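Engineer: Need coordinates for the below:
(chains A and B)
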Amino acid sequence: MLSLQITALIDKELKKYPADQRQSAVMAALRFVQDEKGWIASADMADVAAYLGMPQMAVYEVATFYHMYNLKPMGKHTLTVCTNLSCQLCGSGDTLEHLNKRLGIGLGEVTPDGKYGLREGECMGACVDAPLLTINNKKMCGRLTGEKIDRILAELDKQ
Amino acid sequence: MINIEIDGKQIQTENGSTVIEAAHQAGISIPHFCYHKKLSIAANCRMCLVQVEKAPKPLPACATPVTEGMKVFTHSEQAVKAQKGVMEFLLVNHPLDCPICDQGGECMLQDMSVGYGGGQSRYHEEKRVVLAKDIGPLVSAEEMSRCINCTRCVRFGVEIAGQMELGQAFRGEHAEIVSFVSGTVDSELSGNMIDLCPVGALTSKPFRYKARSWELSRRRSVSAHDSLGSGLAVQTKNNRVLRVLPIENEDINECWLSDKDRFAYEGLNTADRLTKPMIKQDGKWQEVEWQVALEYAANGLRHIANGAGAEQIGALATANSTLEELYLLQKLMRGIGSDNVDFRLRQSDFSGDVKQQGAPWLGMSVADISRADRLLVVGSFLRKDHPLLAARIRRAARKGAQINIIHSADDDLLMHVAHKAIVAPDALVEALTQVSKALASEKQGQSASGEAGAIARSLAGGERVAVLLGNFAQQHPQAAQLQALAQQIAALSNGKFGFLGEAANSVGGYLAQAVPGTKGMNAAAMLATPRKAYVLLNVEPELDCADPQQAVAAMQAADLVIALSAYKHHATEYADVLLPIAPYTETSGTFVSTEGRVQSFKGAVKPLGETRPAWKVLRVLGNLLKVDGFGQDTSEAVRDEVLQGVDVSAKLNNAIGGVEAKAAPASSGLQRVADVPIYATDAVVRRSAPLQATADAAIPQVRMHGEELKKLGVQSGEVVKVGQGQGSVQLFAVADDKLPRGVVRVAAGHAATVALGAMFGTITVERA
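Structural biologist: Predicted coordinates for the structure are as follows:
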């Protein structure tokens, strides 16, 4: 079942679209689910489909098409490291290596305590600050160095 | 009209058409995979790239609209280079497994790669692997690595079948065709995805590894399983039917086939086929020679006719028997002096027989249904009873036609329904009366309220109105009244009305005169007042008749039962003679479809064992009983005897007069609503193992409104005991709040419910 908070947010989103085009809100709806639960389960996709009156399969297509939807639990804090060209030239390899060492997990993995997940991301459009990572797709951190990453992790550990 | 030039050829084509359509019209072929004339344009395979003058790069012919003066080159250097480039990319990930691929020999990719593929691959890296899926008993998705992601199957599901069961998940190199949470594809039209798949990704599960396409011989036939008259290409090898494909006909089945038509053939050669004549002596069944069995049957009939009287003999046939069989059966019966012959076994109201002016039929052509802008469908389990007609109506609805429904169940039709009135069976007449009244007052400028008013307004606003009566309406105890009301509604809305025929020969049976005359007994009367002898043609009484309890009781009480059947069925318990007759693939014959289309076909294979075509068996019986006019040499001669010089269209007439619509007395207790499940309609379908493994063939449930279940103190999912008359069965109860109150939906025609009584009437439900 979708929580009341989620349906309230979807209802707000639906106001942007004509009444007979409810499926226009599918991407936002999936985002709300992920914001609340950290990832999107098949059951949630079915719920979104029912709520928007569209085929379950169509929701699944959208959810699997976009990289930023988590189709499995990705930890409380999902760190997405950009590995595209600019970041790579500026040392995203070192960023990843450092995170691997600190968290003990590789790309696509989650720490055993479920606190951190590590993902590979595509260009975040802020190459001037390369190398970059985002936290839960919401907060972007740039000009990463070993110390800066340690500071970020220390900050997140407190939460 | 627009003038364009393709490959130097001047072509006139319609404004708004695409380059590929214009080229096909002119007989110029452009290679393609994802384009299909019946589906929306995806333009994702890029195989149809062509050069267009003044365009900077090649354009996809399927998605490029024609413009005045356009010059297209389909085989120029630029076009061919582009096509070859696309082919190389398509083959990058395609496995080289043609030798073990079922599609081999009829594969678009295989054919096209001969024309556009390189002799050698430049790709030496690893190919991608897509895992096999299990999407049900009909369609095999074992080798999804072969998929080229054209999305034809997906678009078919969305646009024609009306449900999106397959979709393309993930992206780029990871894109693959999947079902949601590994579900099965349950559409009653799913088999068409096999035809649509241009490669060997989706193949026929029952046909898998059975034969190569070039080993099969192909015979034209006509579907025996519903009233549409779909064209079948029956493919055989070693005198066995191995596959059935559609024969395209825009006016009938287009290029589609329902799964029932496509996979029924698997029920043809089952272990319970009757291959030798049998007679029962001292309670034991013995295989005998034809001569012995036929004489036994003839003597038996003669004995009863001379003793108890010919009117003590009744003949019952199913409506999927051929025109020739039905004709000879009635001729035989009338020859020995009995007028008791009928093929309308599930009908319960015969009061229209004398008031009916002709053979009931669709009342319009099948193509007319696509053109209708307002439809009223009365008493029909539309999707399951008429899968392809439902697809036509679905497409009409997509184009803006308003669909109105009056019925006693509210199944999801997978289309937009404008208005519906879902009422108990005994209120069906009243619901139609309301619509008729509302239409009349609409004409005088007064608007009626409620659903009836809404339906009336919808019909009144149409230019091409069609009112269609489904199987449920034809089997209804007030069928004649429903017919008269439909006639009234059609007249008030300047539309046409007709019947969605129940079976392959629902019209043909009337043309063959396989209905009782004024002194004869109809199917219901013959079973209600048991006869001393019965001749059964293709009939399994407990499954094919309106009231299985009554039918079985009548059979058991009879002195003589002669069963002409392709199978050893329950008749072994009460019959005296079993005569093995050929199913439709093994005999020539004729079906008259619901739109009155007369279609003859030849046998595709030789009759199995000592099986004989039923028309020959009836001819010999006629001769043995010394009835005149049984000298026909061929089935064609029989057909000509029925139809030569006859204007079939003049015999088709739905008009009915002298019927007064009056509300049925309110019934006390719960009323039964019975559908015949899609894969339980006839003997062959009932024996097709793959069809019986589908979700549609699941054991029937008892469906009731949630409140009604609560009243009984039963939870949804619990077992209940349903009873009619002396019989009862135990089935799972399921709450279905879309059903009207006071109604119990239990399927008929299914082995699990044969202990019950009539398809309509009261029924009891209690905790088991």
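
Engineer: Report the secondary structure state of B:Ser351.
Structural biologist: Secondary structure, DSSP: H, G, I helix; E, B strand; the rest coil: B:Ser351 is coil.

Engineer: residues contacting the closest residue to it other than its chain neighbours?
Structural biologist: Closest residue in space to B:Ser351, ignoring its immediate chain neighbours: B:Ala480 at 4.8 Å, by Cβ to Cβ, 6 or more residues apart in numbering or on different chains. For glycine as for every other residue, the C-beta is placed from the backbone atoms N, C-alpha and C. Taking Cβ atoms under 8 Å, 6 or more residues apart in numbering or on different chains as the contact definition, B:Ala480 lies against B:Asp349, B:Ser351, B:Gly352, B:Lys355, B:Gln356, B:Ile656, B:Val659.

Engineer: Swap in 6 Å and give it another go.
Structural biologist: B:Asp349, B:Ser351, B:Gly352, B:Val659 (Cβ atoms under 6 Å, 6 or more residues apart in numbering or on different chains).

Engineer: Am I right that B:Gln168 falls within a helix?
Structural biologist: No: counting by three-state DSSP, B:Gln168 is not part of a helix but strand.

Engineer: OK, contacts around it?
Structural biologist: B:Thr151, B:Val154, B:Ala175, B:Ile177.

Engineer: Within the helices and strands, which one has the last one?
Structural biologist: Same thing as B:Ile177. strand B:176-179 (DSSP states H and E).

Engineer: Quick check: next helix or strand after that strand?
Structural biologist: helix B:192-196.

Engineer: Show me how far that next one is from its chain's centre.
Structural biologist: Centroid displacement of helix B:192-196 relative to its chain, using Cα atoms, centre = their mean, to the nearest Å, is 17 Å.

Engineer: any idea which of the contacts of B:Gln168 is closest to B:Ala401?
Structural biologist: Proximity of those to B:Ala401 was ranked by Cβ to Cβ; the top entry is B:Val154 with 24.4 Å.

Engineer: which non-adjacent residue is nearest B:Glu463?
Structural biologist: B:Asp373 is the one closest to B:Glu463 (Cβ to Cβ, 6+ apart), at 5.7 Å.

Engineer: try B:Gln550
Structural biologist: Once flanking residues are discounted, B:Gln550 sits nearest to B:Leu527: 5.0 Å by Cβ to Cβ, 6+ apart.

Engineer: Need the phi and psi values for the residue nearest the centre of chain B.
Structural biologist: Residue closest to the average C-alpha location in chain B (Cα atoms, centre = their mean): B:Asp226, at 3.7 Å. Main-chain dihedrals, B:Asp226, degrees, to the nearest 10: phi -150, psi 180.

Engineer: Quick check: the gap between the closest residue to it other than its chain neighbours and chain A.
Structural biologist: Among residues not flanking B:Asp226 along the chain, B:His386 sits closest, at 6.2 Å (Cβ to Cβ, 6+ apart). According to Cβ to the nearest Cβ, to the nearest Å, B:His386 stands 23 Å off from chain A.

Engineer: Run a quick neighbour tally on B:His386.
Structural biologist: 27 (other Cβ atoms under 10 Å in any protein chain shown).

Engineer: Tell me if I'm right that it and B:Leu500 touch.
Structural biologist: Yes: applying Cβ atoms under 6 Å, one finds B:His386 in contact with B:Leu500, separated by 5.3 Å.

Engineer: For B:Ser458, pull up the helix or strand it's in.
Structural biologist: Per DSSP H and E: helix B:450-460 holds B:Ser458.

Engineer: from the chain's centre, how far out does that helix sit?
Structural biologist: The answer for helix B:450-460 is 30 Å, by Cα atoms, centre = their mean.

Engineer: Report the rounded mean pLDDT for that helix.
Structural biologist: Across helix B:450-460, pLDDT averages out at 95.

Engineer: Could you pull out the buried residues of it?
Structural biologist: By 16 or more other Cβ atoms under 10 Å in any protein chain shown, the buried positions in helix B:450-460 come out as B:Glu451, B:Ala452, B:Gly453, B:Ala454, B:Ile455, B:Ala456, B:Arg457, B:Ser458, B:Leu459, B:Ala460.

Engineer: List of residues touching it?
Structural biologist: Taking Cβ under 6 Å, 6+ apart as the rule, helix B:450-460 contacts B:374, B:402, B:404, B:418-419, B:421, B:434-435, B:438-439, B:442, B:465, B:493.

Engineer: Residue numbers of chain B in contact with chain A?
Structural biologist: Residues of chain B lying near chain A by Cβ under 6 Å from any Cβ of the partner chain: B:Met164, B:Gly167, B:Ala169, B:Phe170, B:Arg171, B:Phe180, B:Val181.

Engineer: Not counting its neighbours along the chain, what's nearest the fifth one?
Structural biologist: I take that to be B:Arg171. That would be A:Phe65: by Cβ to Cβ, 6+ apart, it lies 4.9 Å from B:Arg171.

Engineer: Count the residues that sit near the one you found.
Structural biologist: A:Phe65: 16 neighbours (other Cβ under 10 Å).

Engineer: From B:Met112, how far off is it?
Structural biologist: 28 Å (Cβ to Cβ, to the nearest Å).

Engineer: ok, now B:Ile405?
Structural biologist: Counting by Cβ to Cβ - B:Ile405 and B:Met112 are separated by 45 Å.

Engineer: So for the two, which sits in the more crowded spot?
Structural biologist: B:Ile405 (24 against 20).

Engineer: Please tell me how far the residue nearest to the centre of chain B sits from chain A.
Structural biologist: B:Asp226 is 27 Å from chain A, by Cβ to the nearest Cβ.

Engineer: quick one: contacts of stretch B:369-376?
Structural biologist: B:392, B:396, B:401-404, B:458-459, B:462-467.

Engineer: which residue ranges form the strands in the stretch 101-250 of chain B?
Structural biologist: B:133-134, B:139-141, B:166-169, B:176-179, B:203-204, B:217-222, B:231-237, B:240-247 (DSSP state E, counting those that start in this stretch).

Engineer: Next, the angle strand B:231-237 makes with the last one.
Structural biologist: The reference is to strand B:240-247. Relative orientation of strand B:240-247 versus strand B:231-237 (axes from the mean of the first three to the mean of the last three Cα atoms, to 10 degrees): 150 degrees.

Engineer: partner strands of strand B:240-247, parallel or antiparallel?
Structural biologist: strand B:231-237 (antiparallel) (DSSP bridges).

Engineer: Which positions in the strand it pairs with come out as buried?
Structural biologist: Neighbour-count burial for strand B:231-237 [16+ other Cβ under 10 Å]: B:Gly231, B:Leu232, B:Ala233, B:Val234, B:Gln235, B:Thr236.

Engineer: so the last one bridges to which residues?
Structural biologist: In this case it means B:Thr236. B:Ser217, B:Val241.

Engineer: how near is it to B:Leu316?
Structural biologist: Counting by Cβ to Cβ - B:Thr236 and B:Leu316 are separated by 31 Å.

Engineer: What of the fifth one?
Structural biologist: When Cβ to Cβ is the yardstick, B:Gln235 and B:Leu316 sit 33 Å from each other.

Engineer: what's the answer for the fourth one, then?
Structural biologist: In this structure, B:Val234 lies at 28 Å from B:Leu316, with Cβ to Cβ as the measure.

Engineer: Then the third one?
Structural biologist: Taking Cβ to Cβ as the measure, B:Ala233 and B:Leu316 are separated by 32 Å.

Engineer: Sounds good, over and out.
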